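*Asks:* got a structure for you, letters missing:
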């Protein structure tokens with residue numbers, strides 16, 4: 001099945017959804033969240049990982065293979081939209 005090719009991306013998207021479902025009170029209890037703008041850095045990091053995993057898996061798990069710029073643009077736009085929706 002082709003969807004199993006993207007299992008890491010799917011798992012990471014589920015992790016993002018789960019973490020995004022937590023209430024703000026739960027997240028604010030972590031001490032490192034008191035650093036200014038840490039939430040923005042965390043969001044940037046988790047969505048970077050999502051786009052990286054998707055890009056690598058779309059190339060057949062090869063870091064050396066070249067990516068199609070259209071596919072990269074689609075992946076980035078999808079990750080941005082996913083972040084806005086959540």
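*Replies:* Sure thing, it's come through. These figures come from a predicted structure and were not determined experimentally. Numbering: from 1, shown residues only.

*Asks:* And residue 43, which helix or strand is it part of?
*Replies:* Counting by DSSP states H and E, the element that carries residue 43 is helix 38-58.

*Asks:* Residue 16 too?
*Replies:* Under the assignment here (DSSP H and E), residue 16 is part of helix 7-20.

*Asks:* Check which helices and strands the helix or strand following the helix holding residue 43 is in contact with.
*Replies:* Sequence-wise, the next helix or strand downstream of helix 38-58 (DSSP H and E) is helix 69-85. For helix 69-85, the elements it packs on are helix 38-58, judged by 3 or more C-beta pairs under 8 Å, 6 or more residues apart in numbering; DSSP states H and E. Glycine gets a C-beta too; all of them are placed from N, C-alpha and C.

*Asks:* list the helices and strands the helix it packs on packs on?
*Replies:* Judged by 3+ C-beta pairs under 8 Å, 6+ apart, helix 38-58 is in contact with helix 7-20, helix 69-85.

*Asks:* Among those helices, show the one with the smallest mean pLDDT.
*Replies:* When the helices and strands packed on helix 38-58 are compared on average pLDDT, helix 69-85 comes out lowest at a mean of 86.

*Asks:* Can you give me the buried ones in that helix?
*Replies:* Neighbour-count burial for helix 69-85, counted by 16 or more other C-beta atoms under 10 Å, picks out 75, 79, 82.
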